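Chemist: This is a predicted model, with the sequence first.
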Amino acid sequence: MEKIIKWGFDEAHSSKGEIILMPEFFSELFSTENIIKMITTGLPTLLIALLVPLYSVRVALKQFYSQKWWETKAKAYFEIIENLSTLEYIYGEYFEHYVMNSIKFSDEKINSFYEIQVKALSEIKKYSAMGNYIISNEVSEVLKNLLRELDYRHKEGNWFEDIEHHHGAIIECLKLTKESAKSDLNRRKMK
């Protein structure tokens, strides 16, 4: 008697010498046609299930780093504008005290202004030296130009005119820095 190997489960046939390996529903499930269907529908679903979370994490990390970089830039611009505003105020006070003689300050107050001026200039020099690493090229150049202007001395030694010249240079630098910072931060935030 010849043994026939058949996939499926049927007790009536098992007495005829057939070896039954699996129930019948498995024979249909693992048919070539069904295996191809499982591969063509299941594989893309599996790939999507694996790739979507990876892509989501990548996008989230990119956004996180971009946000952190934007915050770093915003802090740098804030500090630059804060120090330029401090210098504008101090040179305005110098102008009123020395040039216009409308305000009289004690030597102690003048020394206090000078200490604040030195700190503010130190910060401006720091950001100028960084160049366009954090701040825009425009602001970097404006700060370098301001530092050159603050080195300006009137050829006849007229320091009243020096104060006026420096005060004007600071005001112009502050105006240009605010415009560039606003533009740079808005551009970065939109990305």
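Modeler: Nice, thanks for sending it over.
Chemist: Tell me where this structure has strands.
Modeler: For the chain, the strands defined by DSSP state E cover 5-6, 19-20.
Chemist: Tell me how far the residue nearest in space to the middle of the chain lies from S128.
Modeler: When Cα atoms, centre = their mean is applied to the chain, the residue found nearest the centroid is W69 (2.5 Å). Using Cβ to Cβ, to the nearest Å, we find W69 at a distance of 20 Å from S128. (C-beta placed from N, C-alpha, C; glycine too.)
Chemist: cool, and F78?
Modeler: As judged by Cβ to Cβ, F78 and S128 stand 16 Å apart.
Chemist: higher neighbour count, those two?
Modeler: The neighbour comparison of F78 against S128 (other Cβ atoms under 10 Å) goes to S128, with 19 against 11.
Chemist: With adjacent residues omitted, what lies nearest to the more buried one?
Modeler: Once flanking residues are discounted, S128 sits nearest to L143: 4.0 Å by Cβ to Cβ, 6 or more residues apart in numbering.
Chemist: Ranked by average pLDDT, which of the strands of the chain falls at the bottom?
Modeler: Among the strands of the chain, strand 5-6 carries the lowest mean pLDDT, a mean of 47.
Chemist: so what's K73 up against?
Modeler: K73 sits next to 134-135, 184-185, 188 when contact means Cβ atoms under 8 Å, 6 or more residues apart in numbering.
Chemist: Excluding chain neighbours, what is closest to N132?
Modeler: Distances taken as Cβ to Cβ, 6+ apart put S140 closest to N132, at 5.0 Å, once the chain neighbours are dropped.
Chemist: And the pLDDT at that neighbour?
Modeler: pLDDT, S140: 93.
Chemist: from here on, count from 313
Modeler: Sounds good: first residue 313 from here, last item S452.
Chemist: any idea how far E408 is from it?
Modeler: Per Cβ to Cβ, S452 is found 31 Å from E408.
Chemist: between these two, who's got more neighbours?
Modeler: A count of neighbours by other Cβ under 10 Å puts S452 above the other of S452 and E408, at 19 against 15.
Chemist: isn't the more buried one right next to G443, touching?
Modeler: Yes: under the criterion of Cβ atoms under 8 Å, S452 makes contact with G443 at 5.1 Å.
Chemist: what's the burial count for I482?
Modeler: Quick note: I482 (other Cβ under 10 Å) scores 24 neighbours.
Chemist: give the contact list for it.
Modeler: Under the criterion of Cβ under 8 Å, 6+ apart, the neighbours of I482 are 396, 399-400, 403, 458, 462.
Chemist: List just the nearest of those to Q429.
Modeler: Using Cβ to Cβ, L399 is the member of those that sits closest to Q429, with 6.5 Å.
Chemist: Could I get the full set of helices for the chain?
Modeler: Using DSSP state H, the helices of the chain run over residues 323-326, 336-341, 344-406, 419-442, 449-462, 471-502.
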